[in-house]
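>>> model the structure of this input:
(2 chains)
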Amino acid sequence: MKIALVGSPNVGKSVMFNNLTGKYVNVSNYPGTTVEVSRGKARIGGIDFEVVDTPGMYSFLPITEEERIARKIILDENPTIILHIVDAKNLERMIPLTFQLLEARLPAILVLNIMDEAEKLGIKINSKILEKELGIPVIETVSTTGRGIDILKGKIEEYVRKKFI
Amino acid sequence: MSEKNLFSKIGYEDPIELYISKIEALLEAEYKISKRALSLLLLQEDKDMLELIQKKEKKFLGIKTIVDEAKAHYKQPLSYIISKRRQEEASSLAKRVFSYAKRPKTSFLEKISSITMNPLTGAPILLFILYYGLYKFVGSFGAGVLVNFLENKVFGDYINPFMINFVNMLVPWQILRDLFVGEYGIITLGARYAVAIILPIVATFFFAFAIIEDTGYLPRLAMLIDRLFKKIGLTGRAVIPLVLGFGCDTMATMVTRTLPTKRERIIATLLLALAIPCSAQMGVILALMEGKPLALVLWLGIIIMVFLIVGFLASKIMPGEMPTFYMEIPPLRLPQFSNIIRKTLSRLKWYFFEILPLFIFASLLIWLGQVTGAFNFLVKILEYPISWIGLPKEASVAFLFGFFRRDYGAAGLYDLKKVGLLSGNQLVVSCITLTLFLPCIAQLLMNIKERGIKMGIAMSIFILFFSFSIGFFVNIGLKFFGINL
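Below is the predicted model of the structure:
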């Protein structure tokens, strides 16, 4: 089983990777920190996963070398689940990639990360409607504090069990 | 995947939908993504996908014809039309799920953010950061206080005498003693340079850099400097690899991968190899020029000039379209102390374990070279170009070291200065030449890995001649104007 983390640069993919695997990768507040692909292991609900942290991608149509690498991972490695991680406050700009993942019929879960900053700006997001309209699980998280990570893990487990059992 | 979800139904305008279904009908092989998504990528002339179907589809030519037809139908690129449509859909969806509890006001941090990107206020802020972050903290504290302590106290008073005694007691042969504790010994030179000179400098740099990067200042610097960079064929995007180069050029060369065009990657790699001194080297250079502000200004001026001129010429020589630039500007954040420490430590660990073997290997090579006489021969050869640029012949040792590791070479000059062998002019000339001189062995290998063997070697040869030529002209220029620094 494989989980791939995808999303624009600087939305917290690497922190999420740390959270899921307990392995440390460099985390920065600038886009493009993940040039190399990090891999780790996670055990969620008794199931072993390989977790892959991909370089940032804005779109499924690659422009930079990093985006090309990220897409190659998605296409070549057949991840069981793709976590599309977005910066909640910039949802509008980031959701086109979700559309593209779904257009391609890839198994995506949408993770609204950095919820704390969105809340500070007074933004409220109705995840229920979002979930219904997209037809995929939508989870709110704050990866730096760990908020929502357990719910995310629960959804991952549920998703895998539904699909394979 | 959840049955028929909405998005397969994001409708595009009619001609596009028509082209999609035409292509879909021609696709016969199995793919990991839906045929609709694949057709959309093909319509946007995705090179990888075109290559893929060329291999897998018998009707490739038919598909290609449809793509060309679609392209001819529209004035704008299809990728633009398609992503515009998706963005419309995204905006309408966002409107339905977003609600604002209160109108967001421009916060204090946002005000600071715009100040850093305004050229008038941004430039002084940049200078402030460079002065305190680099010059004061890395230069004075790291390369001064810490290096002094480690070198003179820890190594000079304790480790070296102890190890010399220890090895002398254990090893009866002078030749073998030299390998460990001689003038260029593994312990007395290799370990001392790595631990006492390079480590504190790099540690302070990585610490300062981690703070700066976690605040989110770098993307703002990218916006600030974008216009200047456009003139040298780069965009603000290149700020990150180039600034990273001040830490370690080898790592920075790897990060040039984030640049979108090949042309930008080549220009950035060249500038990194030539005109961006890494932290170790810069620390030693700052220490060398301590108390000589004029020399420092001259060095800085010439390096900046070389950077701009070489960048400008490279962008003229190399064909390519004007790069476009768009970068996500993350919010300014208060850095988390634990993240900074962790990041500094992990980079330091990576760096240190990368360089320590190289230093030991270099000591070993030099020892071998000395035993066989090859080292003296090379030093003798190097003495010619060294004397052309007006330096004492002892400096050729430092330059030969510089070939193994630029910082290693700078540290060698530091030793020369300490015993009073370099005048002000010679100091400037040697610092300039050494800054521009060939990248360290690790970076040379990285250049070859990232840019290919031809480009890597060609760059190195260019840099070799270029650095000595600049040194030569600076020396002559100083003499001509009767300047004594």
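>>> who are the neighbours in contact with residue 144?
Since you didn't name a chain, this refers to chain A. Applying C-beta atoms under 8 Å, 6 or more residues apart in numbering or on different chains to residue A:144 gives the contacts A:12, A:15, B:336. C-beta: built from backbone N, CA, C; applies to glycine.
>>> actually it's chain B I care about, not the one you picked
B:287, B:290.
>>> starting from the one helix or strand residue B:169 maps to, tell me the next helix or strand along the chain.
In this assignment (DSSP states H and E), residue B:169 forms part of helix B:160-170. The first helix or strand that comes after helix B:160-170 along the chain, using DSSP H and E, is helix B:174-181.
>>> show me what counts as buried in that next one.
Across helix B:174-181, burial judged by 16 or more other C-beta atoms under 10 Å in any protein chain shown covers B:177-181.
>>> packing partners for that helix?
With contacts taken as 3 or more C-beta pairs under 8 Å, 6 or more residues apart in numbering or on different chains; DSSP states H and E, helix B:174-181 sits against helix B:160-170, helix B:337-372.
>>> could I have the CA atoms of the first one written out in PDB?
Once side chains and other backbone atoms are set aside, the C-alpha atoms of helix B:160-170 remain, and they are given as PDB (Å, rounded to 0.1, in the frame of the first residue of the first chain):
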ATOM      1  CA  ASN B 160      47.300  19.100  18.400                       C
ATOM      2  CA  PRO B 161      50.000  18.800  21.100                       C
ATOM      3  CA  PHE B 162      48.200  15.800  22.500                       C
ATOM      4  CA  MET B 163      47.900  14.000  19.200                       C
ATOM      5  CA  ILE B 164      51.400  14.900  18.100                       C
ATOM      6  CA  ASN B 165      52.800  13.400  21.300                       C
ATOM      7  CA  PHE B 166      50.500  10.400  21.000                       C
ATOM      8  CA  VAL B 167      51.400   9.700  17.300                       C
ATOM      9  CA  ASN B 168      55.100  10.300  17.900                       C
ATOM     10  CA  MET B 169      55.100   7.800  20.700                       C
ATOM     11  CA  LEU B 170      53.200   5.200  18.700                       C
END
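>>> for it, packing partners?
With contacts defined as 3+ C-beta pairs under 8 Å, 6+ apart, helix B:160-170 has these neighbours: helix B:174-181.
>>> list of residues touching the helix or strand following the helix it packs on?
Going down the chain from helix B:174-181, the next helix or strand is helix B:192, by DSSP H and E. For helix B:192, contacts defined as C-beta under 8 Å, 6+ apart pick out B:151, B:155, B:159-160.
>>> out of those, which are buried?
The buried subset of the contacts of helix B:192 - by 16+ other C-beta under 10 Å - is B:151, B:155, B:159-160.
>>> all the helices of the stretch 201-350 of chain B, residue numbers only.
Ranges of helices within the stretch 201-350 of chain B are B:217-231, B:239-245, B:249-255, B:262-275, B:279-288, B:293-317, B:337-372, based on DSSP state H, counting those that start in this stretch.
>>> list the buried residues in whichever helix or strand comes after the last one.
The element immediately downstream of helix B:337-372 (helix or strand, assigned by DSSP H and E) is helix B:374-388. Using 16+ other C-beta under 10 Å as the burial criterion, the residues of helix B:374-388 that qualify are B:375, B:378-379, B:382-383, B:385-386.
>>> and the angle for the next helix or strand after helix B:374-388 with helix B:374-388?
Of the helices and strands lying after helix B:374-388 in sequence (DSSP H and E), the nearest is helix B:395-404. Angle of helix B:395-404 versus helix B:374-388, following axes from the mean of the first three to the mean of the last three C-alpha atoms, to 10 degrees, is 110 degrees.
>>> would you mind writing the CA trace of helix B:395-404 as CSV?
The C-alpha coordinates for helix B:395-404 follow below in CSV (Å, rounded to 0.1, in the frame of the first residue of the first chain):
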residue,chain,number,x,y,z
ALA,B,395,49.9,31.1,-2.1
SER,B,396,50.0,28.4,-4.8
VAL,B,397,49.6,25.8,-2.0
ALA,B,398,46.4,27.5,-1.0
PHE,B,399,45.1,27.5,-4.6
LEU,B,400,45.9,23.9,-5.0
PHE,B,401,44.0,23.2,-1.9
GLY,B,402,41.2,25.3,-3.3
PHE,B,403,40.9,22.8,-6.1
PHE,B,404,39.9,20.2,-3.5
